[in-house]
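Enquirer: 3D, please:
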Amino acid sequence: MTVTIYHNPDCSTSRNTLAMIRASGEEPIVIEYLQTPPSRERLLELIAAMGITVRQLLREKGTPYAELGLADLKWTDDQLVDFMLAHPILINRPVVETPNGTVLARPSEAVLGVLPNPNIGRFVKEDGEVVETEQAATRA
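Expert: Numbering: from 1, shown residues only. Below is the predicted model:
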């Protein structure tokens, strides 16, 4: 199975998601999208696969979202995609694509829904939050 993560190594949610993928036994293709942004076509494919709107993929925190006035509903989807392509930091992360589906893994445990082996046991996030999956619950 091929698992791809659009990853930002500076983001703890993205790092936690990558660690969960690896804990499931998968070694994903890691695309650091700030260095290698997706094409317009690829970005639109990912949005469609996630079943979300372009606006739902926009990241506000730590980005030029406010300075660019992106909260204004005047912007079309095409214009919002243009902003994301010009400023990849506006693309919310991590996006994970597997044959089982594509998700914006926020929170990071959302990735478990598309992994072939979601039962990774007890997982401790960087901030200390514990995620229990079925495997851990059945051993208790």
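
Enquirer: only C-alpha atoms for contact and neighbour calcs from this point on.
Expert: Noted.

Enquirer: now residue 11: phi and psi?
Expert: Taking degrees, to the nearest 10, you get phi -100, psi 120 for the backbone angles of residue 11.

Enquirer: mind listing what it touches?
Expert: With Cα atoms under 8 Å, 6 or more residues apart in numbering as the criterion, no residue contacts residue 11.

Enquirer: got a pLDDT number for it?
Expert: At residue 11, the model reports a pLDDT of 95.

Enquirer: helices of the protein, start to end?
Expert: Ranges of helices in the chain, per DSSP state H, are 12-23, 40-50, 54-57, 77-86, 134-139.

Enquirer: lowest-confidence helix or strand of this structure?
Expert: helix 134-139 (a mean of 46; mean pLDDT, DSSP states H and E).

Enquirer: ok, back up a step: same list (the helices of the chain) but as a markdown table, adding mean neighbour count.
Expert: Output for the helices of the chain, formatted as a markdown table (neighbours: other Cα atoms under 10 Å):
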| stretch | mean neighbour count |
| --- | --- |
| helix 12-23 | 21 |
| helix 40-50 | 15 |
| helix 54-57 | 18 |
| helix 77-86 | 16 |
| helix 134-139 | 11 |
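
Enquirer: will you turn those into CSV that also has distance to residue 70?
Expert: Converted to CSV, those look like this (distance: least, Cα to Cα, whole Å):
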stretch, distance to residue 70
helix 12-23, 23
helix 40-50, 18
helix 54-57, 9
helix 77-86, 8
helix 134-139, 40
